[in-house]
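Novice: let's see this in three dimensions:
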Amino acid sequence: MKSIISYPLTIIFYIAFGFTLLLFHVIQMIAYHLFGYQGHHNSVKAMNWTLMQCTKILGTSYSFSGKEKIPKNVPIVFVSNHQSMYDISPIEWYLESFHPKFISKKELGKGIPSVSYNLQKGGSILIDRKNAKESLVRIKALAQYIKKNNYAAVIFPEGTRSKDGIPKPFKESGLKILTKYANNGYIVPITLNNSWKMQQRNFPMNLGVSITLDCHEPIAISGTDFDELLNQTESVIKSKIIHPKN
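Specialist: The predicted model follows:
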């Protein structure tokens, strides 16, 4: 019965999800031009809440923890494992008070309603993975931006999504630049679980996925050797990942 129901629910979900992106593309544009950065930020918060509600058509549930641990009025570097495109909305919605900015591949910067506009106007950066030098310059600028404004950067150091939930090795270059130029801030490790199941198949989609987002204890950047920062961050994130076999 569950597999039969998943077909019409998936169709309804895709319609609702697509309509939300189209609607909030217009809302974002109006908010940005009339109310500037803060208006746009509020519209993105509403969009991500709405996108999460769309996934509940499929019976998706969300659980969040650890936000209360995060220091305020300092730059934050959120470091997370990455399992699917459905990681983004929970992070942006749950952590919106820290104004999270993403490091995204340049291909996402055009052609996707709402998503591309948010990346262009919301303070995130778009990088060309084939141009390492230019990418590091952009990441440096992001680090300086979050340091100046006490905002947050979000980085997925695996470099790409883990489509089966099994984490990939962490790459150091982007995180190293962020910690170098936002060195008065904190790393906050995040473990995401089960979002990979949302994209395990495109049609019909899985029903009843339980996505969790856990923020771990913040780690002060200043005074800590980078290799130790990286190892500690990777270790705590991966220690809480639920592997498919479990």
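
Novice: show me how far the longest helix seen in the chain is from its chain's centre.
Specialist: Taking DSSP state H as the criterion, the chain has its longest helix at helix 2-55. In terms of CA atoms, centre = their mean, to the nearest Å, the centre of helix 2-55 is found 16 Å from the chain centre.

Novice: beyond it, next helix or strand please.
Specialist: Sequence-wise, the next helix or strand downstream of helix 2-55 (DSSP states H and E) is strand 61-65.

Novice: walk me through which strands that next one pairs with, and which way each runs.
Specialist: If you go by DSSP bridges, strand 61-65 pairs up with strand 210-215 (parallel).

Novice: what packs against the longest helix of the chain?
Specialist: Applying 3 or more CB pairs under 8 Å, 6 or more residues apart in numbering; DSSP states H and E, one finds that helix 2-55 contacts helix 88-94, helix 115-121. The C-beta positions use only the backbone N, C-alpha and C, and glycine is treated the same way.

Novice: average pLDDT for that helix?
Specialist: What helix 2-55 shows for mean pLDDT is 96.

Novice: re earlier: can you say which of the helices and strands packed on helix 2-55 is nearest to F64?
Specialist: Among those, helix 88-94 comes nearest to F64, with 4.9 Å by CB to CB.

Novice: just checking, what packs against that closest one?
Specialist: helix 2-55, strand 61-65, strand 100-105, strand 186-193, strand 210-215.

Novice: what sits against R138?
Specialist: Each residue near R138 by CB atoms under 8 Å, 6 or more residues apart in numbering is listed here: 125-127.

Novice: distance of it relative to Y145?
Specialist: Distance, R138 to Y145, by CB to CB, to the nearest Å: 10 Å.

Novice: quick one on the thing from earlier: would you turn the contacts of R138 into JSON lines with distance to G165 and pLDDT?
Specialist: Formatted as JSON lines, the contacts of R138 follow (distance: CB to CB, whole Å; pLDDT from 0 to 100):
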{"residue": "I125", "distance to G165": "27", "pLDDT": "95"}
{"residue": "L126", "distance to G165": "27", "pLDDT": "95"}
{"residue": "I127", "distance to G165": "25", "pLDDT": "93"}
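
Novice: middle-most residue in the chain, spatially?
Specialist: Note on the chain: the residue nearest the mean C-alpha position is I88, at 3.6 Å, using CA atoms, centre = their mean.

Novice: any weak-confidence spans in this structure?
Specialist: With pLDDT under 70 as the threshold, the chain has low-confidence stretches at 1-2, 245-246.

Novice: deepest of the helices and strands packed on helix 2-55, which one?
Specialist: Per residue and on average, the most neighbours among those fall to helix 88-94, with a mean of 22 (mean count of other CB atoms under 10 Å).

Novice: I'd say the residue nearest to the centre of the chain and P100 touch.
Specialist: No - assessed by CB atoms under 8 Å, I88 is found out of contact with P100, at 9.5 Å.

Novice: list the contacts for the nearest residue to H99 once chain neighbours are set aside?
Specialist: With sequence-adjacent residues excluded and distances taken as CB to CB, 6 or more residues apart in numbering, H99 is closest to Y151, at 4.1 Å. By CB under 8 Å, 6+ apart, Y151 lies in contact with 75-76, 98-101, 123, 145.

Novice: same check, this time on K147
Specialist: 75, 181-182, 184-185 are the contacts of K147 under CB under 8 Å, 6+ apart.

Novice: could you pick out the buried ones from those?
Specialist: Buried members of those, counted by 16 or more other CB atoms under 10 Å: 75, 181-182, 185.

Novice: can you add secondary structure and distance to C215 and give those residues back as CSV?
Specialist: As requested, the buried ones among the contacts of K147 are arranged in CSV below (DSSP: H, G, I helix; E, B strand; the rest coil; distance: CB to CB, whole Å):
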residue, secondary structure, distance to C215
P75, coil, 16
Y181, helix, 23
A182, coil, 18
G185, coil, 15
